[in-house]
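> after the sequence you'll find the predicted model.
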Amino acid sequence: MSLKKYIRDIQGFPKEGIVFKDITPLLIDANARKECLEILVSAVKDKKIDKVIGVESRGFFFGMLLAQELNVGFVPVRKPNKLPFDTISASYDLEYGTDTLEIHIDAIQKGDRVLIHDDVLATGGTAKAVCELVERLGGVIVQCNFLMEITFLNGREKIAGNEIFAAITY
């Protein structure tokens with residue numbers, strides 16, 4: 001099964017010049033969703049992982065499924081003022097502006113082996129910010145794991161030195 005056929009291109013979203021990769025058709029189709037999860041899990045099946053981070057908001061879908069499948073904790077990384085407890089934050093650039101992400105200060109313990117999951121690796125700004133948060137809390141990044149990667153945006157460069165996996169590449 002080609003997972004690419006379940007990704008819909010939306011021109012000009014969220015602003016002109018951007019081609020947004022809509023994963024809704026993949027989420028709707030149970031067989032495609034299952035196959036995608038199997039691919040993502042296969043990339044880490046032989047690795048010791050203590051926690052999976054899911055990045056707001058599309059990283060939550062498969063992030064939670066990965067945590068369930070791996071029988072480990074799930075940690076949400078969210079936009080500012082969405083988490084109720086004490087947080088640390090990191091700001092980053094993305095292809096159409098800047099933003100900030102936060103994580104609870106007690107979500108990652110020193111030495112925790114962490115799988116970072118997000119829907120897309122584009123310019124790498126989001127992934128770099130999450131890596132910084134994990135490292136500031138003393139976690140060890142096992143892999144940066146993505147549903148898809150937009151290779152011409154060179155996001156890998158910002159998280160070089162980390163293992164990177166994407167189920168789909170463009």
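That came through, no problem.
> and Val77, how far from Ile108?
As judged by Cβ to Cβ, to the nearest Å, Val77 and Ile108 stand 10 Å apart. C-beta here means a position set from N, CA and C on the backbone, and glycine is covered the same way.
> more crowded one of the two?
Between Val77 and Ile108, Val77 has the larger neighbour count (other Cβ atoms under 10 Å), namely 29 against 24.
> do I have it right that the more buried one meets Val52?
No: applying Cβ atoms under 8 Å as the test, Val77 and Val52 come out as separate, 10.8 Å apart.
> tell me the strands beside the helix or strand containing Phe20, with direction?
In the assignment (DSSP states H and E), Phe20 maps to strand 19-22. Under the criterion DSSP bridges, strand 19-22 sits next to strand 8-11 (antiparallel) in its sheet.
> now do the partner strand: distance to the chain's middle.
Strand 8-11 has its C-alpha centroid displaced from the chain centroid by 20 Å (Cα atoms, centre = their mean, to the nearest Å).
> pop out the phi and psi values for the spatially closest residue to Gly73 that is not a sequence neighbour.
Excluding the flanking residues, the one nearest Gly73 by Cβ to Cβ, 6 or more residues apart in numbering is Lys51, at 4.5 Å. Dihedral pair for Lys51: phi -150, psi 150, per degrees, to the nearest 10.
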